[in-house]
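Asks: Fold the following.
(2 chains)
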2 protein chains.
Amino acid sequence: MSVVVVGTVAFDSIETPSGFAERVLGGSASYFAVAASFFSPVKIVGVIGEDFPEEHLAIFSRHGVDLEGLRRENGETFHWRGRYHEDLNVRDTVELHLNVLAGFRPRLPESYRDAEYVFLGNIDPVMQMEVLNQLRRIRLVACDTMDHWIQGSGDELRRVMGKIGMLIINDSEARLLSGEHNIVRAARAILKMGPKVVLIKRGEYGVLQFSDSSMFATPAYPLEEVFDPTGAGDSFAGGFLGHLARSRDHSQSGLRRAIVYGSVVASFTVEDFGLKRLTNLSLAEIEERYRRFTDLTNFHT
Amino acid sequence: MSVVVVGTVAFDSIETPSGFAERVLGGSASYFAVAASFFSPVKIVGVIGEDFPEEHLAIFSRHGVDLEGLRRENGETFHWRGRYHEDLNVRDTVELHLNVLAGFRPRLPESYRDAEYVFLGNIDPVMQMEVLNQLRRIRLVACDTMDHWIQGSGDELRRVMGKIGMLIINDSEARLLSGEHNIVRAARAILKMGPKVVLIKRGEYGVLQFSDSSMFATPAYPLEEVFDPTGAGDSFAGGFLGHLARSRDHSQSGLRRAIVYGSVVASFTVEDFGLKRLTNLSLAEIEERYRRFTDLTNFHT
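Replies: So this is what the prediction gives:
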């Protein structure tokens, strides 16, 4: 079952305590697409500029990603420059050039509109709603957002949340969105806004999943070296939704296994700069780390 | 199998966003002792002043805690006053009066010296070493410490670490002690200092356990209300070591189950001020939450 992702395709310039990378392939849709591609076919909706090189498009092609919905416009590609602190949970945006993203209106090709699994990456909720309106037979829509939209486009975001099945956000965003500091209360408040399931990403501390009837907590896979946390959240979402689209198992245990697959894929992402590790990854490596993850967390035997 | 704990017995005055408590029973040995008492008999080594009331001693007695090693000295009992921020991970010490603790030298009664399970609470490493020297047949010694001793008594602490089986500290202390920011590297560096096992407490994010051959990660039990985090770490250590002394199962799976029991006990501690919740707790409630914890974290079925 294929997964449609709408989000950014970008140049990222990244500085971390371990080194730096200049104008590498980045953006929420890029990380999501490559991560999900290990499990399911992926279709991207997004925009790039005239400066976007063939070698980046080739990365997507090698992962079987459908690019019919990736429009090329006159102008330059979205560019983000960020710098991480020694505490990798903290980063500063040094430069942000929207470029062609500024005038972007998502248009789904006809071949995308019957997609059943959809990820609305972190973009303007107005655009997220436009995507929702173009879909014909949704089975599961998951959505990300960020403080910028929570604070500036609250009404539009609420409308989107009334239509989605799942919200995937980080803990500080959950607090901001709900006005609750306690993370369990924050999640319960968000469930009242519409989504049936809330996934709360806590970076190196793992993931919490809440629904009306269930709660799941898992740590992150502990790593001795984290080179670059960029894209970890979108890789998690990609691994998660990609696995769910493959299994089509929306039971609580199906969701939990998909969450662990998402965590495993994200743990690879941060082992190198940008998409470097993900594009050199095999499904066998994912399965091997999934087994290690099981051993890491199991206290029943 | 009984557990000996050496640590502070104190008056705590606590202010949190949920309320305040004035001069309630506190101190590392108090939390540890009550937490461990659900699983094993406990013997306290510590000091109190003339002002320490019978009703507090009665709390220990109700939990079967042996008080032969709790000396009463002329003077006032150790008193700590702290204030928590809205982010309960952050607290300020507002007042600290060592009082009778200032001249304390731990002396183990004869009946304590054959104890096989020992917890060296967070006190001066010189005192921790004095306790070690009075023990005859150690099976497992676990030790806590804090930034104050890491920075000010590094040599003494290193000597203690060469003699213990297990270090139980929080993540910021592990970073300080090892000089490594990455928590996996920090744990590996600490293992080289002597202990066979390192437990790293991450508050609401759970616990990591490292040994040369194994790694275990578990989240904390998510709570909708946290009234007072005071004593959570010592309650964890008490539940953990108490359970281990009962099971005498030092295998990796035995350690893991004990870690989860410790986490469960700590999750009760923070539900009310001071020791209030722990002193109104039953083993049946602990077992029930252990089952919930299993369901919370299980993704295998």
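Asks: all contacts plus neighbour counts: C-alpha atoms, from now on.
Replies: Noted.
Asks: Close to chain B: what parts of the stretch 151-300 of chain A are there?
Replies: Residues of the stretch 151-300 of chain A lying close to chain B by C-alpha under 8 Å from any C-alpha of the partner chain are A:181-185, A:205, A:215-219, A:222-225, A:253, A:256-257, A:295-300.
Asks: Buried only: go through these for me.
Replies: The neighbour count (16 or more other C-alpha atoms under 10 Å in any protein chain shown) marks A:181-185, A:205, A:215-219, A:222, A:256-257, A:296-299 as buried among those.
Asks: Keep only those of those that are in helices.
Replies: Here DSSP state H is the test, and those give A:183-185, A:256-257, A:296-297 as lying in helices.
Asks: and the residues you listed, which two are the farthest apart?
Replies: Pairwise distances across those peak at 28.2 Å for A:Arg185 and A:Leu296 (criterion: C-alpha to C-alpha).
Asks: correct me, but A:His250 touches A:Leu241?
Replies: No. The criterion here is C-alpha atoms under 8 Å, and A:His250 misses it with A:Leu241 at 10.7 Å.
Asks: higher neighbour count, the two?
Replies: A count of neighbours by other C-alpha atoms under 10 Å in any protein chain shown puts A:Leu241 above the other of A:His250 and A:Leu241, at 31 against 13.
Asks: Does the more buried one belong to a helix, a strand or coil?
Replies: Here A:Leu241 is recorded as helix under DSSP: H, G, I helix; E, B strand; the rest coil.
Asks: Tell me how far the closest residue to it other than its chain neighbours lies from chain B.
Replies: Nearest residue to A:Leu241 in three dimensions, chain neighbours excluded: A:Ala36, at 6.8 Å (C-alpha to C-alpha, 6 or more residues apart in numbering or on different chains). Distance, A:Ala36 to chain B, using C-alpha to the nearest C-alpha, to the nearest Å: 20 Å.
Asks: Can you report how many residues neighbour A:Ala36?
Replies: Here the number of neighbours of A:Ala36 (other C-alpha under 10 Å) works out to 32.
Asks: Could I get the contacting residues of A:Met129?
Replies: Counting by C-alpha atoms under 8 Å, 6 or more residues apart in numbering or on different chains, A:Met129 makes contact with A:159-160.
Asks: Assumed it was part of a strand.
Replies: No. Under three-state DSSP, A:Met129 falls outside any strand and is assigned helix.
Asks: Would you mind measuring from it to chain B?
Replies: Distance, A:Met129 to chain B, by C-alpha to the nearest C-alpha: 32 Å.
Asks: got it, and A:Tyr112?
Replies: Using C-alpha to the nearest C-alpha, A:Tyr112 is found at 32 Å from chain B.
Asks: ok so, going back, wait, the residue nearest to A:Leu241 sits on A:Gly239?
Replies: Yes. Counting by C-alpha under 8 Å, A:Ala36 does reach A:Gly239; the two are 4.8 Å apart.
Asks: Quick one: residues contacting the residue nearest to A:Leu241.
Replies: When contacts are counted by C-alpha under 8 Å, 6+ apart, A:Ala36 touches A:3, A:42, A:235, A:237-243.
Asks: Kindly indicate which of the residues you listed lies nearest B:Ser61.
Replies: Proximity of the contacts of A:Ala36 to B:Ser61 (C-alpha to C-alpha) peaks at A:Phe240, which lies at 51.5 Å.
Asks: Quick check: which element contains the residue nearest to that closest one when sequence neighbours are not counted?
Replies: Ranked by C-alpha to C-alpha, 6+ apart and with sequence neighbours excluded, the top spatial neighbour of A:Phe240 is A:Gly262, at 4.2 Å. Per DSSP states H and E, A:Gly262 falls inside helix A:252-269.
Asks: elements contacting that helix?
Replies: Based on contacts counted as 3 or more C-alpha pairs under 8 Å, 6 or more residues apart in numbering or on different chains; DSSP states H and E, the elements that helix A:252-269 packs against are helix A:232-247, helix A:283-297.
Asks: rewinding a little: neighbours of the residue nearest to A:Phe240, just the number please.
Replies: 29.
Asks: check contacts around it.
Replies: Counting by C-alpha under 8 Å, 6+ apart, A:Gly262 makes contact with A:235-241, A:243.
Asks: rewinding a little: can I get the helices and strands packed on helix A:252-269 in JSON lines with distance to B:Thr77 and mean pLDDT?
Replies: Conversion of the helices and strands packed on helix A:252-269 to JSON lines gives the following (distance: least, C-alpha to C-alpha, whole Å; pLDDT from 0 to 100):
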{"stretch": "helix A:232-247", "distance to B:Thr77": "50", "mean pLDDT": "98"}
{"stretch": "helix A:283-297", "distance to B:Thr77": "42", "mean pLDDT": "97"}
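Asks: For ChimeraX, what selects the buried ones among the contacts of A:Gly262?
Replies: Per 16+ other C-alpha under 10 Å, the buried members of those correspond to this ChimeraX selection:
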select /A:235,236,237,238,239,240,241,243
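Asks: Throw the contacts of A:Gly262 into JSON lines and include distance to B:Val131, thanks.
Replies: Below are the contacts of A:Gly262 laid out as JSON lines (distance: C-alpha to C-alpha, whole Å):
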{"residue": "A:Ser235", "distance to B:Val131": "50"}
{"residue": "A:Phe236", "distance to B:Val131": "48"}
{"residue": "A:Ala237", "distance to B:Val131": "51"}
{"residue": "A:Gly238", "distance to B:Val131": "53"}
{"residue": "A:Gly239", "distance to B:Val131": "51"}
{"residue": "A:Phe240", "distance to B:Val131": "51"}
{"residue": "A:Leu241", "distance to B:Val131": "54"}
{"residue": "A:His243", "distance to B:Val131": "54"}
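Asks: In contact with A:Tyr290: list those residues for me.
Replies: Counting by C-alpha under 8 Å, 6+ apart, A:Tyr290 touches A:260-261, A:264.
Asks: Specify which member of the residues you listed is nearest to chain B.
Replies: The closest of these to chain B turns out to be A:Val260 (C-alpha to the nearest C-alpha; 8.1 Å).
Asks: what's around that closest one, how many residues?
Replies: Neighbourhood size, A:Val260 [other C-alpha under 10 Å]: 25.
Asks: Please pull up the helix or strand immediately following the helix or strand hosting A:Ala187.
Replies: Taking DSSP H and E as the definition, A:Ala187 sits inside helix A:183-191. Going down the chain from helix A:183-191, the next helix or strand is strand A:197-201, by DSSP H and E.
Asks: how distant is that following strand from the center of its chain?
Replies: 12 Å (C-alpha atoms, centre = their mean, to the nearest Å).
Asks: which neighbours does it have in its sheet, and in what orientation?
Replies: If you go by DSSP bridges, strand A:197-201 pairs up with strand A:166-170 (parallel), strand A:207-211 (antiparallel).
Asks: What's the separation between the nearest residue to A:Glu224 once chain neighbours are set aside and B:Ala21?
Replies: Spatial nearest neighbour of A:Glu224, chain neighbours left out: B:Val184 (5.2 Å); criterion: C-alpha to C-alpha, 6+ apart. Here B:Val184 is placed at a distance of 37 Å from B:Ala21 (C-alpha to C-alpha, to the nearest Å).
Asks: sorry, back to before: next, the angle from the helix holding A:Ala187 to strand A:197-201.
Replies: Calculated by axes from the mean of the first three to the mean of the last three C-alpha atoms, to 10 degrees, helix A:183-191 forms an angle of 140 degrees with strand A:197-201.
Asks: contact partners of helix A:183-191?
Replies: A:171, A:174-175, A:177-180, A:197-198, A:200, A:210-212, B:222-224.
Asks: neighbours around the residue nearest to A:Asp234 when sequence neighbours are not counted, how many?
Replies: Leaving aside its sequence neighbours, A:Asp234 sits nearest to A:Phe32 (C-alpha to C-alpha, 6+ apart; 5.0 Å). By other C-alpha under 10 Å, 32 other residues sit near A:Phe32.
Asks: and after whichever strand or helix holds A:Phe32, which helix or strand comes next?
Replies: Counting by DSSP H and E, the element that carries A:Phe32 is helix A:28-36. Later in the chain than helix A:28-36, the nearest helix or strand by DSSP H and E is strand A:42-48.
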